[in-house]
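Undergrad: Quick one, what's the 3D model for this:
(one chain, ligands or ions: 1)
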Amino acid sequence: MMSTSTNKKVNPATRVNEFPGEFKAMSESSLMCIYCNHEVDWKKKSILNDHLKSSKHIECKLGAIGAKKPITIEEILQTRQKKGSYL
Ligand SMILES: [Zn+2]
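TA: Here you go, the predicted structure:
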């Protein structure tokens, strides 16, 4: 009679596994959004789902992806073509 089966133990690491690439566990009781760099309430999955759909999160995510890829595919292809012409 310790707990009901629906009350399974959830911790920040559980949410990291449920939403791979979105969050990181900062501690036993703290979950952070990788993109927003913002602490989120991990106790309710619906809150995390809402966070992922929020415009703030989408903006941060797009910004992060953009920052990781400063060079476009077109630029890479152009560079390769230029290099190729010299060889
Ligand atoms: Zn976020």
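
Undergrad: in this structure, which spans are helices?
TA: In chain order, the chain shows helices spanning 12-18, 45-53, 55-68, 73-86, with DSSP state H as the criterion.

Undergrad: what residues are up against H38?
TA: By C-beta atoms under 8 Å, 6 or more residues apart in numbering, H38 lies in contact with M32. Yep, even glycine has a C-beta here, placed from its N, CA and C like the rest.

Undergrad: Which residues does stretch 46-65 contact?
TA: Outside stretch 46-65, the residues within contact range by C-beta under 8 Å, 6+ apart are 15, 18-19, 22-23, 33-37, 40-42.

Undergrad: how about the residues you listed, which pair is most distant?
TA: Spatial extent of those (C-beta to C-beta) is set by the pair E18 and N37 at 19.8 Å.

Undergrad: More neighbours: which of those two?
TA: Under the neighbour definition other C-beta atoms under 10 Å, E18 and N37 were set side by side, and E18 has more, 14 against 9.

Undergrad: buried subset of the contacts of stretch 46-65?
TA: 15, 19, 22-23, 33, 35-36, 40, 42 (16 or more other C-beta atoms under 10 Å).

Undergrad: Make CSV out of these and add pLDDT and distance to K9.
TA: Putting the buried ones among the contacts of stretch 46-65 into CSV (pLDDT from 0 to 100; distance: C-beta to C-beta, whole Å) gives the following:
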residue, pLDDT, distance to K9
R15, 97, 12
F19, 96, 18
E22, 96, 21
F23, 97, 17
C33, 97, 22
Y35, 94, 27
C36, 94, 26
V40, 97, 19
W42, 97, 12
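
Undergrad: Phi and psi next, for the residue nearest the centre of the chain.
TA: Centre of the chain computed as the mean C-alpha position; nearest residue by C-alpha atoms, centre = their mean is E22, 2.2 Å away. With angles defined as degrees, to the nearest 10, E22 shows backbone torsions of phi -110, psi -40.
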